[in-house]
Structure formats: C-alpha cells, structure tokens
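Trainee: Got a predicted structure plus its sequence, pasted below:
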Amino acid sequence: MFIKYFGKDFMNSVFTIPAPSFTKIEIKKILISEFGISGVIKNLYSDRDQNFLIITKEKKYILKVYNIAEKKETIELQDTATKYIKNRDPQILVPLTVDYQTVEYKGKLFNLRLLDFIEGDFLNKKSMTIYDHKDMGVFVGRLSRALLGFDHQAAHRIFEWDCKQIGIIENNLRFVNTNDKKNIILYFLNEYNKNVIPIKENLRMAVIHNDGNDHNIIINNKHKTFGIIDFGDIVYSFQIIESAVAIAYIYLNNKNPFEKIYAFLQGYQSSFELNKLELKSIIYFMCLRICITVTMSAWRKKLFPKNKYLTISEAPAWSALNKLSKINLSKLSDDIIKNVQ
C-alpha cells in the first residue's frame, strides 16, 4: 500500500514492513558469531521489531532486531538519547547499548543492538493508587528534565505516533469504516485546530520519549518507578506531548480517570514545571493520542489482517473517544489548570 504524507513516501515505513522473523536457532548462531555470547533465548513481543531476552551465566540482555525499514540514524538517536539521560540523571535506568552489529539474513541487512536488561516489573503489574500515579508523574517529569537540552537530527522526523502530525491522522481517516467514527475523529481535530493552533507558537519544543505508559515504565521491588524502556517513538515535538501521552493511557486504563490524571500531572509538575498554555493544551493532545490509536489500528489491520495485537486497544480507545466527545473539553482544560498549577 502506497501512502504519502506531505509529499513524503511511506511505502517502506516500519509500520508497513513486517517485523523480522528470526528463529531462536538463528539468533543463537548470531549471538555466538557476532556478539560472542550464548545463553537461554526467550521471545519478547514487539510491534515492528523483534526482541529477545538473553539469559547468560553472567547476566541478562535484550537483543533487539530492528525492522529493515528503520533508519540507521534513528537507531543512533535512541542510543545517544539513553546515554544522555544516564549522564544527566544516573538514577533513571534506561537500556544502554552493550554492542551493535549488522548481519545479512536471506539477502537483507538487519541492524541488531544488544542492550542491558533492567531488572524489575512493569508498572502495569501493579494495582495503581492515586499516590502511585503521582509517583509515576514525578518519574516522567524527571525524564523530561533529564532530556532537557538534548537534540539529534534524526529526532526531527515526520512520525506516525507524533500528536502534532495531524495530517497523518487526517490521511488515515480513509481507513476508518463508518462515518460516525470519522466524525468523532474530525470533532477532536476541530477542537485541536480551534484551541491549540492559535497558541502553538508559544508551546515549547523538545525531544521526548513519546511513549511513557505502564508497559514501558519499570518499578523496583519497593514498587517505586525507576526505569523506562522502548525509545522507538522518540521524536522532536511539543514538550507537553510527553505528559499528554501518559495521561492518555491513564484515561484508557481507568473507569474514573481524572483524579488519577490530576495526581500524575501534580507529580510531573513537581519535577518539571509546565506553564499555563501547556496545561491548557494537554487535554487536546491527549485526545489526539487516542485518535492516533484508532486510526493507526484501522490502517495497519488492513496491511496485516492476521495480527490481532494491532486491534487490541481499538475497542477501548473508541469507547474513550465516545465519552470524551460528550465532555466539554474547554471546561476540562480549565479544571486541569485549577487542579495542577
């Protein structure tokens, strides 16, 4: 399928090319020949790449096999960003690169990174209280603070999961199967155009992780947030999107989300202060993130109809958008400012 955004071809996107499909036997040979290690190999899920947990006698690693459509400079961006964070805030654990190799497989070149494994549990394993959401906010705020001043040419990209790229959302509307659903997306796009576009020049820009959810944030044995993985969505965008993405997941995962959203933002604010315009805009970016979830699902399930994982978040996301479309977003924006600033 041939897609164009703003004159740029996306035929060979990481979202249109299937993930790598190495077997454990093939990975075992690569580990020995290219990385000089051997151990137990376990498959880990990845949407567009292929990940393995490697358990040797000495330690554990993550082996990431990148999608062949992933640009080398984007991989370098991820590596450089994690090193920058580690230097700025050593207490934030991030997956640092141990080794990097390029291997040929069935006539194609694949980039592989061997990464440190971070011991701990994902945040989604924990039953989250209000205080836990505040603690999560403190952590994500620290991440934003650690990334301050970081830049990389590859971060300045047109990326499908970047909330500011509303043209991509508009383009993917054609894959949404009913007019009612299309109208819901158009409603949120109109709200964004009406409320955020007039102030967007005053919103700070930064390189952001862009996927701070409870499947990527790691807690230690004292249930404190201390690590984050998966820098594949890293991008230069509006600073406020970092926290908007996090609260989008909080909204999706909770029946009564706003108290927890306020707690998260209060925690975030204590580590990294957001100004009034950023807080005013956050609810609109939160809604756009959920719009991306459903439009990406609509698009990619046509490309990969057998991949059921692509639609796992579709139903709850549509439910969330239906509810949000009945809420006065302007009032909600004011409520966020009152409860957080």
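Mentor: Nice, I can see it.

Trainee: would you list every one of the helices in the stretch 201-341 of the chain?
Mentor: Secondary structure of the stretch 201-341 of the chain, counting by DSSP state H, counting those that start in this stretch: helices at 241-253, 258-271, 276-303, 314-324, 329-340.

Trainee: Tell me which of those helices sits nearest to D79.
Mentor: With distances scored as C-beta to C-beta, the stretch of the helices of the stretch 201-341 of the chain nearest to D79 is helix 241-253 (19.8 Å). Placement of C-beta: from N, CA and C, glycine included.

Trainee: so where's the stretch 1-150 of the chain uncertain?
Mentor: Along the stretch 1-150 of the chain, segments meeting pLDDT under 70 span 1-11.

Trainee: how about the strands in it?
Mentor: Assigned by DSSP state E, counting those that start in this stretch, the strands in the stretch 1-150 of the chain fall at 4-5, 8-9, 40-44, 50-55, 60-65, 97-105, 108-116, 121-122.

Trainee: what residues does the third one touch?
Mentor: Residues from elsewhere that reach strand 40-44, judged by C-beta atoms under 8 Å, 6 or more residues apart in numbering: 24, 27-28, 31, 51-55, 62.

Trainee: how far does that strand sit from the chain's center?
Mentor: Chain-centre distance of strand 40-44: 23 Å, with C-alpha atoms, centre = their mean, to the nearest Å.

Trainee: and it, which residues are buried?
Mentor: I41 (16 or more other C-beta atoms under 10 Å).

Trainee: hang on, the earlier thing: want to throw the strands of the stretch 1-150 of the chain into CSV with distance to I17?
Mentor: Converted to CSV, these look like this (distance: least, C-beta to C-beta, whole Å):
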stretch, distance to I17
strand 4-5, 16
strand 8-9, 13
strand 40-44, 19
strand 50-55, 12
strand 60-65, 13
strand 97-105, 14
strand 108-116, 10
strand 121-122, 27
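
Trainee: just those: most buried one?
Mentor: strand 60-65 (a mean of 21; mean count of other C-beta atoms under 10 Å).
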